[in-house]
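With the sequence up front, the predicted model follows.
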2 protein chains.
Amino acid sequence: MNDQNKQYLQIRNQLVAALAAERFKAQSKLPSERELSERYGCTRVTVREALMQMEAEGLIYRRNRRGWFVTPPRLVFSPTRKLNFMQMVDEQNRQGETRVASAEVVIGDADTCCELMLVPGEKIYEIIRIRSLEGRPVLYEFIYLSQSRFPDLLDQPLAQSLTVLLQDHYGERIAREQIRITSATIDPRATEALEVLPGRSGVCIRRCRLNPKGEPVERDVEYWLSDAIEVQVDTH
Amino acid sequence: MNDQNKQYLQIRNQLVAALAAERFKAQSKLPSERELSERYGCTRVTVREALMQMEAEGLIYRRNRRGWFVTPPRLVFSPTRKLNFMQMVDEQNRQGETRVASAEVVIGDADTCCELMLVPGEKIYEIIRIRSLEGRPVLYEFIYLSQSRFPDLLDQPLAQSLTVLLQDHYGERIAREQIRITSATIDPRATEALEVLPGRSGVCIRRCRLNPKGEPVERDVEYWLSDAIEVQVDTH
DNA sequence: TCCAACATCTGGTCTAGACCAGATATGTCA
DNA sequence: TGACATATCTGGTCTAGACCAGATGTTGGA
């Protein structure tokens, strides 16, 4: 079967053409699946194939039970540059927003304590933040720090740059990071805030941030919508 | 609807349990969709939902029209370390293989010439390699280099490390790299070799490799199966 | 033994419906 | 005006089939 004989690819092509013709703008809503299936004279199954194809291409995204929307440009995320989220966002002329979903003291799990070189079961901060671009939530991050090392951290303004806070308030500087990037399913705790169904895949970035002495200071586990980000790294 | 009431998640859970019970090993084939639908008393559509869920989790993968298979562990890929592919593979006790799919002189496209700082339309080498782990093709890479800078390159052994070749034969050393990582659909030229359907998403890594003077030497565009790789970067 | 023809098995695509649950808009009443 | 109940709209899940095309295995014949 020639690619061009696949109905869902024909529908995809027509929708792409419509998008290119700027009849739709970033974040605008596509017609409903039922409406598209009528328009193209096929079943919803086939329309959904076309939409999921475009989703895989990063052209559109879905908000759970709300509809399909046009994907905005990716944010270029450069962990090697000493820029915080808001600086990156500004530099790329985007509108960013950070919301602290929760901030509390928890018992560290084995992984986190190991990464932070703490004794298993030690108390640590867990800060959960949600970051949005032009109103679209794109990042759900878990931040872990030692409680004893950073007393009263939860009284600080946590929606701002943690790097700056650690430096200015605690005199702790981040010198380098170990970063691991994988494609993975989005953490179940993050799906609702990111408006995706449980089980959908995204980009997982785990960071262990070290001070100049090489001691681990902070552990980050970030779940990004996969169409929202391009990671850029300069090595030397 | 509670998650546990979703039939496809129940099927997923049973299959995961079966995998965990080691009734299946890495790269082994799952029963066919029709057989599973009989076993679980549902339609193929529902079985496919369960399988696609597990695919998103990186537990299984499909080979186009051949069936579903258990995913082997990810390869940890560390672009910052000065290790070539085979060294990484050995270090992780994997069996790697490199095949040169094509190597020829082409007219450089705008992007590539720009990245390599060549005049648009200049002749460049395009080397296409396929890399496999335990027989499973996981990486399709396009390599671009200036023809004039590296005469007779195509007469060299191209399945081996290019870094070593450039250094030993041409005295050109790679000092640093600019790396961009995104989730993207796999290039149509790569889908057949990677045994995936056109339009499926994977991990795209684009690298621009520079010599100590900061001059671009080599451009890589790599398409990885998304379940096959974890990128690890150390910054300072 | 080797290769070509053929049959079978696989996932890929598609129809034509149905019902569900969450999101949203609407309308009513205090 | 503001809060709440309700109707409607959305995508999410599922049935019960069908046919297609590529991958693979089998079978004969040279």
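That came through fine. Model, not experiment: these values are computed from the prediction.

which bits of chain A sit near DNA strand D?
Contact residues (CB under 7 Å from any atom of the strand) of chain A with DNA strand D: A:1, A:30-35, A:44-45, A:48, A:62, A:64-68, A:197. No exception for glycine: its C-beta is placed from N, CA and C like everyone else's.

right, is the host helix or strand of residue A:189 up against DNA strand C?
Taking DSSP states H and E as the definition, residue A:189 sits inside helix A:188-191. No - Helix A:188-191 lies out of reach of DNA strand C by CB under 7 Å from any atom of the strand, never closer than 10.3 Å.

Residue A:40 and residue A:30: what is the separation?
According to CB to CB, to the nearest Å, residue A:40 and residue A:30 sit 13 Å apart.

Residues of chain A that sit close to chain B?
When proximity is defined by CB under 8 Å from any CB of the partner chain, chain A lies next to chain B at A:3, A:9, A:53, A:56-58, A:74, A:79-80, A:175-185, A:198-201, A:203, A:226-227, A:229-236.

hmm, which of those are the buried ones?
Among the residues of chain A next to chain B, those classed as buried by 16 or more other CB atoms under 10 Å in any protein chain shown are A:9, A:53, A:56-58, A:74, A:79-80, A:177-185, A:198-201, A:203, A:226-227, A:229-235.

so how far is DNA strand C from the residue nearest to residue A:165 when sequence neighbours are not counted?
Using CB to CB, 6 or more residues apart in numbering or on different chains and skipping residues adjacent in sequence, the residue nearest residue A:165 is residue A:156, 5.6 Å away. As for residue A:156, its distance to DNA strand C is 32 Å (criterion: CB to the nearest atom of the strand, to the nearest Å).

now the helices for chain A?
A:7-20, A:33-40, A:44-56, A:85-91, A:110-115, A:162-170, A:188-191 (DSSP state H).

could I get those helices as TSV with mean pLDDT?
Listed next are the helices of chain A as TSV, based on pLDDT from 0 to 100:
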stretch	mean pLDDT
helix A:7-20	94
helix A:33-40	96
helix A:44-56	97
helix A:85-91	96
helix A:110-115	90
helix A:162-170	93
helix A:188-191	96
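
Looking at the ones you listed, which is nearest to residue B:120?
helix A:7-20 (24.4 Å; CB to CB).

Where does chain A get nearest to DNA strand C, which residue?
When scored by CB to the nearest atom of the strand, chain A has residue A:7 as its residue closest to DNA strand C, at 2.9 Å.

Nearest residue to that residue in space, please, no chain neighbours.
residue A:46 (5.5 Å).

I'd say the one you found and residue A:10 touch.
No - counting by CB atoms under 8 Å, residue A:10 is not a contact partner of residue A:46; they are 9.7 Å apart.

more crowded one of the two?
Between residue A:46 and residue A:10, counting by other CB atoms under 10 Å in any protein chain shown, residue A:46 is the more crowded of the two (19 against 16).

Tell me who's in contact with the more buried one.
A:7-8, A:11, A:37, A:40 (CB atoms under 8 Å, 6 or more residues apart in numbering or on different chains).

Drop anything exposed from these.
Buried by 16+ other CB under 10 Å: A:8, A:11, A:37, A:40, out of these.
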